[in-house]
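>>> With the sequence up front, the predicted model follows.
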Amino acid sequence: MGRSTTIRDRHRAIIAKGRPPCALCGEEIDYALPYLDPGEYVVDHIVPLSKGGTDKLENKQPAHRRCNRAKGDRVDGRHILRRSGSLARAR
Ligand SMILES: [Zn+2]
């Protein structure tokens with residue numbers, strides 16, 4: 001991934017600087033949690049990339065991994081349907 005990963009890492013570090021709470025549920029984030037923990041700090045795109053959002057810092061906010069996941073499922077429901085063949089055919 002090279003370059004874009006570096007920018008993302010930088011944004012991630014900038015956003016985490018003030019140890020802000022989750023922008024989705026408002027609760028504190030434990031920034032010490034390990035990778036893939038449901039409560040882990042992740043960077044959420046305010047306007048999802050799939051909806052035309054940018055990968056710029058102003059379109060990013062802190063979130064728990066689980067909150068980010070829940071939001072993603074909601075705003076991009078088509079994605080879930082497409083992933084499951086049986087549901088997609090049920091239309
Ligand atoms: Zn949260």
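Yep, it's here.

>>> now the helices: where do they sit in the protein?
3-16, 65-75, 77-83, 85-89 (DSSP state H).

>>> starting at the chain centroid, how far to the second one?
Between the centre of helix 65-75 and the centre of its chain there are 7 Å (Cα atoms, centre = their mean, to the nearest Å).

>>> Determine the set of other helices and strands touching that helix.
Helices and strands touching helix 65-75, by 3 or more Cβ pairs under 8 Å, 6 or more residues apart in numbering; DSSP states H and E, are strand 41-45, helix 77-83. C-beta: built from backbone N, CA, C; applies to glycine.

>>> Any idea which of the ones you listed has the lowest pLDDT on average?
Per-stretch mean pLDDT for the helices and strands packed on helix 65-75 is lowest at helix 77-83 (a mean of 44).

>>> Point out the residues in this structure that sit beside the ion.
Contact residues (Cβ under 5 Å from the ion) of the chain with the ion: Cys22, Leu24, Cys25, His64, Cys67.
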